[in-house]
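>>> Structural data only, the sequence is not supplied:
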C-alpha cells in the first residue's frame with residue numbers, strides 16, 4: 001500500500017476511535033437513564049466517559065506510533 005493510503009487509513013482510524021466510544025457511552029448512559037429514571041445524568045456521564053476513553057486510546061496510539069511504524 002502506498003504511503004498516502006496508509007496515512008489516510010491511520011487518520012480514519014483515529015476518527016473512529018474517538019467517535020465510537022463516545023457514541024457507545026451515550027447509548028449506555030441513555031439506557032441507564034431509562035432503567036434508573038435518572039435522566040439526563042447517565043447520558044452525560046456516559047458521553048464524558050466515552051470521550052475520555054476515546055482520547056485516551058488516541059494518546060496511547062500516538063505515543064506508540066513510531067514503534068508500530070517500525071514493524072511495517
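Everything's here; your move. The shown structure was predicted, so the numbers you read here are calculated from the model rather than taken from an experiment.
>>> mind checking the longest helix of this protein?
helix 3-36 (DSSP state H).
>>> buried residues in that helix?
17, 18, 21, 22, 25, 26, 28, 29, 30, 32, 33 (16 or more other Cβ atoms under 10 Å). Placement of C-beta: from N, CA and C, glycine included.
>>> from these, which single one is nearest residue 40?
residue 33 (6.5 Å; Cβ to Cβ).
>>> Could you pull up the residues touching that closest one?
Contacts for residue 33 (Cβ atoms under 8 Å, 6 or more residues apart in numbering) come out as 39, 40, 41, 42, 43.
>>> one more time with 6 Å, if that's ok
39, 42, 43 (Cβ atoms under 6 Å, 6 or more residues apart in numbering).
>>> show me the contacts for the first one.
So the one you mean is residue 39. Contacts of residue 39 by Cβ under 6 Å, 6+ apart are residue 33.
>>> ok, now the second one?
For residue 42, the contacting residues are 29, 32, 33, by Cβ under 6 Å, 6+ apart.
>>> Sounds good, over and out.
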